[in-house]
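Peer 1: What shape does this take:
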Amino acid sequence: MKIEKEIEQRVNYTGSWGSTKPKTRRMKYIVHLPDADDTYGSFEMFDIESGGEEFYGEGGLWFTEQKKLRDYDGVFSLSDVILNICEENGFNVEDIRKTLSR
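Peer 2: From the prediction side, this is the model:
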């Protein structure tokens, strides 16, 4: 299942080197959620203004057979927008959300 969402938000990059200055950008999120017979999904997010040249991220989403998000990869901290899309489509993200809020 493919879900697309656009949202205006403050974004920046953070790494071991520090952070970029936050900017307000219109971001596009594309989330692929697994069908009933699969447990792997993925996501992509990018700023619309630059077509992803300035802000871009992608990664994987791993779910249990009971539709519970158990792991992700590709970014340091998974966006609430992605977590909300998963929840709105019947996936349990409670444990990952708790881990990210610490």
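Peer 1: where does the chain dip in pLDDT?
Peer 2: Residue ranges of the chain with pLDDT under 70: 102.
Peer 1: for it, longest helix please?
Peer 2: What stands out as the longest helix in the chain, according to DSSP state H, is helix 80-88.
Peer 1: Please spell out which residues along it are buried.
Peer 2: Across helix 80-88, burial judged by 16 or more other Cβ atoms under 10 Å covers 81-83, 85-86. Any C-beta I mention is one placed from the backbone N, CA and C, and that applies to glycine too.
Peer 1: Looking at those residues, which two lie furthest apart in space?
Peer 2: Farthest apart among those by Cβ to Cβ are V81 and C86. That separation is 10.0 Å.
Peer 1: can you map out the helices along the protein?
Peer 2: 80-88, 94-100.
Peer 1: Take those and write them to a markdown table, including distance to N12.
Peer 2: Listed next are the helices of the chain as a markdown table, based on distance: least, Cβ to Cβ, whole Å:
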| stretch | distance to N12 |
| --- | --- |
| helix 80-88 | 15 |
| helix 94-100 | 17 |
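Peer 1: re earlier: ok, of the buried residues of helix 80-88, which one's closest to E4?
Peer 2: Ranked by distance to E4 (Cβ to Cβ), those are led by I85 at 9.3 Å.
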